[in-house]
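Asker: got a predicted structure here, sequence first:
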Amino acid sequence: MKSERRLKILELISQHEIKTQDTLREMLSAAGYIVTQATMSRDINALGLVKTKTDEGRFCYVPRSALGVDYVGNEGSNTEFFCRIALFVAVAQNLVVVHCRPGMGGAALVAIGLMEQNSSVGMIAGGDTVFCAMQDNTAAAKLSEVLNELLRESLQEKGKGGLV
């Protein structure tokens, strides 16, 4: 539900000039997604949405693509996007730590969140790092394995060969 809601937010932001969280919440509600203000703030933060000045001088939310980073909501694009911005993945007990290119932690969090393999109980991103808290060590090892396999396949497709 969270990933579907976030895709809807990106769709609404792309199609409408949305100036406030309240307006966005109302539009989400009309689309069948009832959220609290706190959830709305988390979604905006996780998606990396920013307010920018329009040509008319008004401020409104813009999608990440306005910052020069494409974001597409289908599974293939999310994994490809993840592979372009992630550098390596490590596991520490029930935590999966993803190191990313500078400034791409939030984008990686969204890409991971939209992957079907993700069964995290919570995630948080910094500028270049994502922490995924998993239910247990086994779930963390599985997610780490999946993400590392994606990175390995991406490197091999690019002809770089090596392991991540």
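Answerer: Looks like it arrived, so ask away.
Asker: buried set for the lengthiest helix in the chain?
Answerer: Counting by DSSP state H, the longest helix found in the chain is helix 137-157. For helix 137-157, the neighbour count (16 or more other C-beta atoms under 10 Å) marks 139-140, 142-144, 146-148, 150-152, 154 as buried. Just so you know, the C-beta spots here come from the backbone N, C-alpha and C atoms, and that holds for glycine as well.
Asker: just give me how far that helix sits from the chain centre.
Answerer: 17 Å (C-alpha atoms, centre = their mean, to the nearest Å).
Asker: got it, and stretch 83-101?
Answerer: On C-alpha atoms, centre = their mean, the centre of stretch 83-101 falls 13 Å from the chain's centre.
Asker: mind checking the end-to-end distance for it?
Answerer: Terminal residues of stretch 83-101 are spaced 11 Å apart (C-alpha to C-alpha, to the nearest Å).
Asker: spatially central residue for this structure, please.
Answerer: residue 110 (0.9 Å; C-alpha atoms, centre = their mean).
Asker: keeping just the C-alphas, turn stretch 125-137 into CSV.
Answerer: Once non-C-alpha atoms are left out, stretch 125-137 reads as follows in CSV (Å, rounded to 0.1, in the frame of the first residue of the first chain):
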residue,chain,number,x,y,z
ALA,A,125,18.0,7.2,4.7
GLY,A,126,20.7,9.7,5.1
GLY,A,127,22.6,11.5,2.3
ASP,A,128,24.5,8.5,1.1
THR,A,129,23.2,5.6,3.2
VAL,A,130,20.0,3.6,3.7
PHE,A,131,19.4,1.5,6.8
CYS,A,132,16.7,-1.2,6.4
ALA,A,133,15.6,-2.8,9.7
MET,A,134,14.4,-6.3,9.0
GLN,A,135,12.4,-8.6,11.3
ASP,A,136,15.3,-11.0,11.8
ASN,A,137,18.8,-11.9,10.7
